[in-house]
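> 3D model of this:
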Amino acid sequence: MRTLPFAFLLSCLLCVALHAQVERPRRSFMDRGIVQHRGNSATALANDPRPLLQAVTAVSEEYGWVVDFEDPPYESDADLVDDTAPQWRARHPGEKGVRIVAGGSFQSNYAEKPNTATSSVEEQLVLNKIVSDYNASGNPGKFVVRKQSDGSYAVLGNSVKDDKGNDMSVSSILDTPISITSGRRDALTTIELVLDTLSSNSGVKVLLGTMPINVLIQSQVTIGGENISARNLLLQTLTGTKRTTVWQLLYDADSQTYYLSVLFAQIAQYDNSGKRTTVPIDRLPGRPLLNPGAAPSGW
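Numbers count the residues shown, from 1 in each chain. The predicted structure is shown next:
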């Protein structure tokens with residue numbers, strides 16, 4: 001009579017062991033995007049949950065461009081994938097895990113000219129080609145390239161999948177008009193005020209991500225006005241820092257929150273052996289600082 005329970009237990013243990021052996025491993029990605037040059041053309045290669053961001057970052061650093069990036073609000077299972085650690089999932093089988101954007105590999109081939117790095121027209125053509133290729137790739141979201149009021153470009157998410165897997169148009173949250181009292185503040189306080197007001201007006205949380213805290217605190221700006229897009233208020237604020245920056249506005253579906261990160265725009269440099277490093281665009285050797293005087297502390 002004892003053999004039946006023991007056999008049943010052994011069978012269960014074998015099933016668990018077999019499941020552990022065939023469990024699909026978590027996906028692996030590239031550390032960064034790559035740009036390959038071939039005569040009059042180039043290829044941007046990416047493999048990341050957000051492959052378009054990785055590709056845009058790679059070409060921006062390759063040519064010294066300043067390009068902002070904004071997620072659309074991913075919500076559906078068509079755009080997201082579970083990324084919960086298997087060990088945690090095994091201990092919490094009935095609980096909600098962690099989801100990430102369901103992107104993967106992506107590449108885009110584009111024409112490359114002698115003035116690609118320095119021409120705004122060529123910059124827009126390359127970005128448009130990369131975004132067009134991405135939109136046809138089957139990766140999550142669809143995007144558009146927009147020229148902003150300061151002359152820089154932004155790659156904006158303008159479409160996601162709904163619960164039935166159909167494309168659904170969305171607007172950039174940074175285009176929301178807001179009103180803040182004009183006044184002189186440090187740039188960090190100003191950004192916080194813009195995001196707090198934007199969160200209140202839109203009903204969607206928009207919080208600080210990675211920030212160059214020292215530079216923002218030491219930069220005094222006079223910003224404000226009625227019914228001005230959050231985008232333009234942010235552009236005015238960052239222009240006031242006298243540094244060359246880009247932002248990344250990324251959406252976390254699990255918390256239904258946007259996180260805004262401000263980063264120093266970088267440019268890639270290669271030594272004689274081909275080793276790649278990046279430096280802030282406005283700190284290139286021989287290039288004057290945008291804000292004359294001593295460098296801010298923290299550098």
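> hey, let's count contacts and neighbours off CA atoms from now on
OK.
> Verify the contact between residue 218 and residue 186 for me.
Yes - contact criterion Cα atoms under 8 Å: residue 218 and residue 186 qualify, at 6.5 Å.
> who has more neighbours, those two?
residue 186 (20 against 15; other Cα atoms under 10 Å).
> Show me what that one bridges to in the sheet.
Going by DSSP bridges, residue 186 is paired in beta bridges with residue 220.
> How much space separates it from residue 43?
Distance check for residue 186 against residue 43: by Cα to Cα, to the nearest Å, it reads 41 Å.
> Give the residue spans of the stretch 101-250 of the chain that score low on pLDDT.
Counting by pLDDT under 70, the stretch 101-250 of the chain shows no low-confidence range.
> Show me where it has its strands.
Ranges of strands in the stretch 101-250 of the chain, per DSSP state E, counting those that start in this stretch, are 105-111, 142-147, 153-161, 167-169, 177-186, 205-208, 220-229, 245-252.
> how about TSV for those strands, with distance to residue 66 added?
Output for those, formatted as TSV (distance: least, Cα to Cα, whole Å):
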stretch	distance to residue 66
strand 105-111	19
strand 142-147	11
strand 153-161	7
strand 167-169	26
strand 177-186	23
strand 205-208	20
strand 220-229	20
strand 245-252	6
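> So which of those is nearest residue 90?
Closest of the strands of the stretch 101-250 of the chain to residue 90 is strand 245-252, at 23.5 Å (criterion: Cα to Cα).
> what's that closest one packed up against?
Secondary-structure packing of strand 245-252 (3 or more Cα pairs under 8 Å, 6 or more residues apart in numbering; DSSP states H and E): strand 67-70, strand 257-264.
> Need the residues that contact that strand.
With contact meaning Cα atoms under 8 Å, 6 or more residues apart in numbering, strand 245-252 is reached by 66-74, 100, 238, 257-265.
> May I have that strand exported as PDB, CA atoms only?
Provided in PDB are the C-alpha atoms of strand 245-252 (Å, rounded to 0.1, in the frame of the first residue of the first chain):
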ATOM      1  CA  THR A 245      22.000  66.700 -23.600                       C
ATOM      2  CA  VAL A 246      19.500  64.100 -24.900                       C
ATOM      3  CA  TRP A 247      16.500  62.600 -23.100                       C
ATOM      4  CA  GLN A 248      15.000  59.100 -23.000                       C
ATOM      5  CA  LEU A 249      11.400  58.800 -21.900                       C
ATOM      6  CA  LEU A 250      10.800  55.100 -21.200                       C
ATOM      7  CA  TYR A 251       7.500  53.500 -20.100                       C
ATOM      8  CA  ASP A 252       7.200  50.900 -17.400                       C
END
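> relative to strand 153-161, how tilted is that strand?
10 degrees (axes from the mean of the first three to the mean of the last three Cα atoms, to 10 degrees).
> Pull up the pairing partners for strand 245-252, direction included.
By DSSP bridges, strand 245-252 pairs with strand 67-70 (parallel), strand 257-264 (antiparallel).
> Report the mean confidence score over the shortest one.
If you average the pLDDT over strand 67-70, you get 98.
> which residues are contacting that strand?
Contacts of strand 67-70 (Cα under 8 Å, 6+ apart): 53, 56-57, 60, 152-157, 172, 246-250.
> So what are the sheet partners of the following helix or strand past that strand and their directions?
Scanning forward in sequence from strand 67-70 by DSSP states H and E, the next helix or strand is strand 80-82. Take DSSP bridges as the rule and strand 80-82 pairs in its sheet with strand 99-101 (antiparallel).
> And the contacts of the partner strand?
Contacts of strand 99-101 (Cα under 8 Å, 6+ apart): 49-50, 74, 79-84, 140, 252-254.
> Of those residues, keep whichever come out buried.
Taking 16 or more other Cα atoms under 10 Å as the criterion, what is buried in these is 49-50, 74, 79-80, 140, 252-253.
> Name the nearest of those residues relative to residue 96.
Using Cα to Cα, those come closest to residue 96 at residue 253, 12.3 Å.
> Same list (the buried ones among the contacts of strand 99-101) but as TSV, adding distance to residue 166.
Formatted as TSV, these follow (distance: Cα to Cα, whole Å):
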residue	distance to residue 166
49	20
50	20
74	13
79	11
80	14
140	12
252	21
253	18
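> Any idea what residue 249 is bridged to?
residue 70, residue 260.
> any idea how far residue 166 is from it?
24 Å.
> higher neighbour count, the two?
residue 249 (21 against 11).
> on that earlier part again, need the winner for burial among the strands paired with strand 245-252.
strand 67-70 (a mean of 24; mean count of other Cα atoms under 10 Å).
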